[in-house]
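[1] Got a sequence here, can you model it:
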Amino acid sequence: MLDWEADSPVLRRNLASLLRRIRDEARRRDKLNLSSARNWHRKIMDGLAVPNPAMVGGFRGEAGLHDIEVRIGRHHGIAPANVARALSEYERRLQRAVERLDELIPPDANLSGDQLVAVIELCAWAHAEWVRIHPFANGNGRVARLWVNCIAMRYGLPPFATLRPRPGGRYESAGEAAMRGEWLPTAALFRQLLVESLKG
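    Numbers count the residues shown, from 1 in each chain. Predicted structure coming up:
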């Protein structure tokens, strides 16, 4: 089986299939929750060699994952014992923000400038906070970018955050800022990525 870290044809197929499914869910405006992320992670890892089966769809701090530490650069993800609480707050805040945007932005609407800013800021917060929590043992960046694309497509934007390879430019430094709880660098980067995506 292929290494879960490798940029393999299997991984790329998994991601492409998953993005099509997420596009359909976004168009229906399905409710977003932590179960979505678990299922995405399982689909990403399908057919790949994982060191511990509990890591597929499992959050750090759960059974078999009590002592899994992660980091980006010099910054560690939150402690495994705190992941469940942080994810519960993440889900609550994400759902509340999405409910507000759903009320403000009808399906198939052309976004106003303010609405576009609100969507990009939610994408940036959702990505940065997921990265900060770093709930999975591996694959957090891919799942964070799926959150971005899910939210973007929900409001009629293209899926502008590439899943593989990861975005270039300031993506790595934005990730390090996210680990410190700063999401504004991610918002600046996402505005640039969206413009590039729209230019096509």
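[2] Please make it C-alpha for all contacts and neighbour counts, starting now.
    Noted.
[3] With adjacent residues omitted, what lies nearest to the residue nearest to the spatial centre of the chain?
    Of all residues in the chain, the one closest to the mean position by CA atoms, centre = their mean is Ala144, 1.6 Å from it. In space, and not counting its chain neighbours, Ala144 is closest to His127: 4.8 Å by CA to CA, 6 or more residues apart in numbering.
[4] Is it correct that the one you found is in contact with Arg142?
    No - with contacts counted by CA atoms under 8 Å, His127 stays clear of Arg142, the gap being 9.8 Å.
[5] of the two, who's got more company?
    His127 (26 against 22; other CA atoms under 10 Å).
[6] shaky segments in the chain?
    1-2 (pLDDT under 70).
[7] which other residues reach the host helix or strand of Glu196?
    Assigned by DSSP states H and E, Glu196 belongs to helix 184-199. The contact list for helix 184-199, computed with CA atoms under 8 Å, 6 or more residues apart in numbering, reads 120-121, 123-125, 127-128, 158, 160-161, 170-171, 174-175, 177-178.
[8] quick one: buried residues of that helix?
    Across helix 184-199, burial judged by 16 or more other CA atoms under 10 Å covers Leu184, Pro185, Thr186, Ala187, Leu189, Phe190, Arg191, Leu193, Leu194.
[9] and what of stretch 159-172?
    Buried residues in stretch 159-172 (16+ other CA under 10 Å): Pro159, Phe160, Ala161, Thr162, Leu163, Pro167.
[10] List just the nearest of these to Arg71.
    Comparing the buried residues of stretch 159-172 against Arg71 with CA to CA places Pro167 closest, at 18.6 Å.
[11] Who are the contact partners of that closest one?
    Here Pro167 is in contact with Ala161 (criterion: CA under 8 Å, 6+ apart).
[12] next one: Asn82
    Gly61.
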